[in-house]
Each structure stands twice: as structure tokens, then as C-alpha cells.
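Participant: Next input, structure requested:
(one chain, ligands or ions: 1)
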Amino acid sequence: MGGERSVYTLAEISEHNTSKDCWLLIDGKVYNVTKFLDDHPGGGDVLLSSTGKDATDDFEDVGHSTGARAMLDEFYVGDIDSTTIPERTKNIPQTQPQNNQDNSSGFTVKLLQFLIPLIIFGFAVGIRFYNKSI
Ligand code: HEM
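Facilitator: Numbering: from 1, shown residues only. Down below sits the predicted model:
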């Protein structure tokens, strides 16, 4: 090959964040996946949501096959300017409700799980004694 190696800053890479022009940063390498958006088995939207940041973790978390990894070469356009390498950011699904910060409801459930059978047992014994005494 021997073509020129382009080096891009994170800001430059981040500008390519649309369905008409989409670049990804994976393992310090820059990939132009615009033509792949429609063909990506995981959909174009996930690729677009990984633009403008280090998409390495997003790419790795999916457990892409070696076939998928081999495809990377096809889209390679250059490297990131190492002084602008961002922190890796993951696509973390927001499953944790923000307002559920105390653990007290979990404790109440456990307490009830313990107390309710005890109360039922207490009633049964009580009724038995009551029946005997009359
Ligand atoms: C240039 C980068 C990428 C290439 C060449 C690529 C290629 C592929 C290929 C070939 C598959 C099919 C399964 C496999 O062979 O592993 C796949 C699946 C998938 N990819 Fe990617 N991918 C890229 C980037 C990403 C990124 C950044 C994400 C996440 C944000 C992602 C999310 C997924 C998901 C969720 C699937 C699973 C789809 C399914 O099985 O329903 N991919 N990708």
C-alpha cells in the first residue's frame, strides 16, 4: 500500500457524526463507516451513537467476530492525534433508576418475608389453643 497516513484530532473525527458522513474511533484508529451504515448487522444507529468518542469499548462489548474485525481494514482512513485521545466512554444503558438510591425497600421486603410466615404460624397456634380451651 504505502499510502499517506492521516492523523486526525478528536475534534476533527467528531465532526463526522451523521448518516452521510460517519467516522468511528476504535483502538486509536479512525474508520469511515459511512458506506457500512446500511449493512451493519447491528444497525446504523448504533454506529452513529458511537461517533465523537472512543468507540473501542462499544465495539469490544458486542464481542464482534474475527470476521467483523477483519472488516475494519476496509474502512481505515487514519489515526488519532495521540495528544487528543479521549477517555473511553461506554454506551451504558441507563438501567439504574436515579431516584432509587436508598436500600430500605429491599430491607422491608426481607423483613416481611420473615415476619408474615411467623404471624401465620402464631395465629395457627393461637387458634389451636383457643379451640382446646373451649
Ligand atoms: C467498523 C466498525 C464495525 C464493524 C466492521 C462491525 C461489524 C459487525 C458485524 C460483521 C456484525 C455481525 C456479527 C459479527 O460478525 O460479529 C456486527 C454485529 C453487531 N455490531 Fe458491529 N461493527 C462495527 C462497529 C460496531 C459498534 C461501534 C457497535 C456498538 C456501538 C456495534 C454493535 C453491533 C451489534 C449490537 C451487533 C449485533 C447485531 C445482532 O446480532 O443482532 N458494532 N457488527
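
Participant: would you say residue 106 is within a helix?
Facilitator: Yes - counting by DSSP: H, G, I helix; E, B strand; the rest coil, residue 106 is found in a helix.

Participant: Against residue 90, how distant is it?
Facilitator: Relative to residue 90, residue 106 is positioned 27 Å away (criterion: Cβ to Cβ, to the nearest Å). Just so you know, the C-beta spots here come from the backbone N, C-alpha and C atoms, and that holds for glycine as well.

Participant: quick one: which of these two has more around it?
Facilitator: residue 90 (14 against 10; other Cβ atoms under 10 Å).

Participant: Not including adjacent chain positions, what is the nearest residue to the more buried one?
Facilitator: On the basis of Cβ to Cβ, 6 or more residues apart in numbering, the spatially nearest residue to residue 90 that is not a chain neighbour turns out to be residue 57, at 4.6 Å.

Participant: Is the one you found part of a helix or strand, or is it coil?
Facilitator: Residue 57 falls in the helix class when you classify it by three-state DSSP.

Participant: Break this protein into its domains for me.
Facilitator: 6-84, 103-134 (automatic domain parsing).

Participant: Tell me the buried residues in the shortest one?
Facilitator: Buried residues in domain 103-134, counting neighbours by 16 or more other Cβ atoms under 10 Å, are absent.
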